[in-house]
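Participant: What follows is a predicted protein model with its sequence.
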Protein chains: 2
Amino acid sequence: MGKTFCRYVVLLSMKNPLVASLMVAVLSCCFAPIESWGQDIQQQAKQYFTPLPAVMESAQNPVTPEKAALGKLLFYEPRISIDGTVSCAKCHPMSLYAVDALRKSVGNTCRENPRNAPTLLNAAGQISAHWIGNRVSVEDQAKQALVGPPSYGMPNYASVETKLRRSTEYAALFKKAFPDDTDPVTADNFAKAIGAFERTLVTPSPFDDFLKGNQAAMSTAQKDGLKLFLATGCVACHTGTYLGGQSYQKFGVTDAYWKLTGGDKPDEGRFTVTKDEADKYRFKVPILRNVAKTSPYFHDGSVDSLQAAVVIMAKLQLGKALSEEQAASVVEFLSALTGKIPEHALSVPLLPSGL
Amino acid sequence: MGKTFCRYVVLLSMKNPLVASLMVAVLSCCFAPIESWGQDIQQQAKQYFTPLPAVMESAQNPVTPEKAALGKLLFYEPRISIDGTVSCAKCHPMSLYAVDALRKSVGNTCRENPRNAPTLLNAAGQISAHWIGNRVSVEDQAKQALVGPPSYGMPNYASVETKLRRSTEYAALFKKAFPDDTDPVTADNFAKAIGAFERTLVTPSPFDDFLKGNQAAMSTAQKDGLKLFLATGCVACHTGTYLGGQSYQKFGVTDAYWKLTGGDKPDEGRFTVTKDEADKYRFKVPILRNVAKTSPYFHDGSVDSLQAAVVIMAKLQLGKALSEEQAASVVEFLSALTGKIPEHALSVPLLPSGL
């Protein structure tokens, strides 16, 4: 019964996080005695969350070692951008958990991107890439980046393909990764290779160990934070395997978001894609995995401190005034989401010559 | 006798590479019969070149594991630059053999640097960093980069130190690297740590194996190229452990360099530092290690092809017209200078939080 009810709450949360948060609060109260009956926070957590998969698979773009290896090279390749300075690694350096620590990313010839660069770690498991649903997958994001004016800035896909074809080494690697293609050096295959690499960027964390049954994987402070995370209602949106990334929600349910974040002029979010009034100020719910490492926060990178971001979110989305102590407790839980970046993503590939 | 004579030629070459080249040519003729007497190209090469050391030591900044480890982190750290985008790794990514493949590097807020970024691999063994002798060591270069307007662009060293001190993690690492300092988080120690890391960036190549006695380490084509390299007189300047990096020479002995390179407006080189007329158009002789991987070439990055660069150099410096075939042969030799980047330099460090 509890499980079904939880699912109902989660479903409801997709529609209206405020209503959902209230229900989660009620639910938490119900759960309190249950916990005292022996069902602990671990069981509660399992109702909402699941551990990370080994790879974030896609039927459209199955991950192969050859594709992922090529994708890793291309991830670091700046010579196919209009000014030779932009690669995926520019805005998503692994040294900073695949973010650039800027409010908004800077692309070719210093063009500012409209929004903050989300981490690529665990990104492929989400409903879309970026913030507003105009990039339907990591593959789509990679492809569009090539011609995006503030990213690679190339005039068209053909110009990228021409650049890549200069290198016999790349030609051989594309052939190996896409053996059935007669002409494998294409922007589409660039996107598939990058996507395959990104689908391997999974970062198992202490929280995953905890979900799998290891009570000792999280500290008491982290578990207390998790309880508060559930009780406050954060879980209404930040749920599932990635603690987010599965829905679009209005940023600022109780008030205009920019009044609290102090960011720059309001961003209409998903409305700019759909032109549907209901989508005004709606953004994809960001995932919380590695959130302790991916400052600054929000679509405009307007807030530096994670604790401040937690306070703002509770107020804006759930109408709750968390004390600094409570927010610190939630931050404790969030630190358990910092995962291990896979070894292959922490080694630098040597790029082909002749480009 | 041969050895003393060679040394004399090398000494002369410091003064005037054209005279030296003629003497090297004469010397090569003398050597031809010697070779037939059993002293082969390997012996000749040993007269001019020595294998790389394990580490490029410095009495002023002894390399310790703690310093080098901190230096590696700082090498990747963009958050201490004025716009948060510049780190050493920006212009010197390991994926491209520690160059950026641009004609001239681009620093903070898209400011163009005055000259092409030389590779940091094997850089610490040279008489100075950069092109014109205004950076006396890799440490000096690292420190000056922090306040260089087209690099990190920080207003002063204190502002860098303030940023670094925000991170308790960095504070602990600086203390570990500089245990005798009461206040170790300084720009000077930033420079020493980066320098220590750079002093480990040694890339042993097939040429080093060859110099150590392994005849099979180089192909016949590479050895033929080496013979031509010596006979043409390139070795007059590109000599020693690093095949360059030990003297300043006028770029364009037989003609104005820009007539052949087609680069932008003439750069007066070391003259801008010393204001000595004799230093006009003089630049540090670049090292040739990994030169096959560090296109584009020359201080202004004006030439993309290594073979073209070889033809231009022979003409401009030595007054010799190499055929394309001869230039290709020299390029064959130069490919034997592509070395192995040490493992520790090919793994990405995870940067401290809280900056």
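Facilitator: Perfect, I can see it now. Residues are numbered from 1 along each chain as shown, chains lettered A, B, ... in the order given.
Participant: Neighbours of the closest residue to A:Val136 other than its chain neighbours, how many?
Facilitator: By the measure of C-beta to C-beta, 6 or more residues apart in numbering or on different chains, the closest residue to A:Val136 outside its immediate chain neighbours is A:Ser128, 5.4 Å from it. (C-beta placed from N, C-alpha, C; glycine too.) For A:Ser128, the count of nearby residues is 21 (other C-beta atoms under 10 Å in any protein chain shown).
Participant: and what of A:Ala278?
Facilitator: Around A:Ala278 there are 10 residues (other C-beta under 10 Å).
Participant: quick revisit: what's the spacing between the residue nearest to A:Val136 and chain B?
Facilitator: 27 Å (C-beta to the nearest C-beta, to the nearest Å).
Participant: now do A:Tyr281
Facilitator: Per C-beta to the nearest C-beta, A:Tyr281 is found 27 Å from chain B.
Participant: Please apply the same query to A:Leu346.
Facilitator: With C-beta to the nearest C-beta as the criterion, A:Leu346 and chain B are 5 Å apart.
Participant: Next one: that residue, what pLDDT does it get?
Facilitator: pLDDT recorded at A:Leu346 is 98.
Participant: so who does the residue in chain A that chain B sits nearest to touch?
Facilitator: Relative to chain B, the nearest point of chain A is A:Cys110 (3.8 Å; C-beta to the nearest C-beta). Residues near A:Cys110 by C-beta atoms under 8 Å, 6 or more residues apart in numbering or on different chains: B:109-110.
Participant: ok so, going back, from memory the residue nearest to A:Val136 sits against A:Ser137, does it?
Facilitator: Yes - using C-beta atoms under 8 Å, A:Ser128 is in contact with A:Ser137, at 7.0 Å.
Participant: Excluding chain neighbours, what is closest to A:Pro352?
Facilitator: Nearest one to A:Pro352, counting by C-beta to C-beta, 6+ apart, is A:Glu169 at 3.5 Å.
Participant: part of a helix, is the one you found?
Facilitator: Yes - counting by DSSP: H, G, I helix; E, B strand; the rest coil, A:Glu169 is located in a helix.
Participant: for it, what are its contacts?
Facilitator: With C-beta under 8 Å, 6+ apart, A:Glu169 has these contacts: A:352-354.
Participant: Let's see which of these end up in helices.
Facilitator: Using DSSP state H, no member of the contacts of A:Glu169 falls within helices.
Participant: Which ChimeraX command selects the buried ones in those?
Facilitator: In ChimeraX syntax, the buried subset of the contacts of A:Glu169 is picked out as below (16 or more other C-beta atoms under 10 Å in any protein chain shown):
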select /A:352,353
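Participant: Figure out the helix or strand that the closest residue to A:Gln215 other than its chain neighbours lives in.
Facilitator: The shortest distance from A:Gln215 to any non-neighbouring residue, by C-beta to C-beta, 6+ apart, is to A:Gln42 (6.4 Å). Using DSSP states H and E, A:Gln42 sits within helix A:41-48.
Participant: A:Leu228 too?
Facilitator: In this assignment (DSSP H and E), A:Leu228 forms part of helix A:220-232.
Participant: Which residues are in contact with A:His238?
Facilitator: A:229, A:244, A:285, A:287-288.
Participant: other SSEs contacting the helix holding A:Gln42?
Facilitator: helix A:2-15, helix A:17-36, helix A:206-211, helix A:220-232 (3 or more C-beta pairs under 8 Å, 6 or more residues apart in numbering or on different chains; DSSP states H and E).
Participant: continuing past it, what's the next helix or strand?
Facilitator: With DSSP H and E, the next secondary element past helix A:41-48 is helix A:65-75.
Participant: Which strands or helices does that following helix pack on?
Facilitator: helix A:88-91, helix A:168-177, helix A:187-198.
Participant: Just name the most buried of those helices.
Facilitator: helix A:187-198 (a mean of 25; mean count of other C-beta atoms under 10 Å in any protein chain shown).
Participant: same for that one, what does it pack against?
Facilitator: Using 3+ C-beta pairs under 8 Å, 6+ apart: helix A:187-198 touches helix A:65-75, helix A:138-147, helix A:157-165, helix A:168-177.
Participant: would you turn these into TSV with mean pLDDT?
Facilitator: Below are those laid out as TSV (pLDDT from 0 to 100):
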stretch	mean pLDDT
helix A:65-75	98
helix A:138-147	98
helix A:157-165	98
helix A:168-177	98
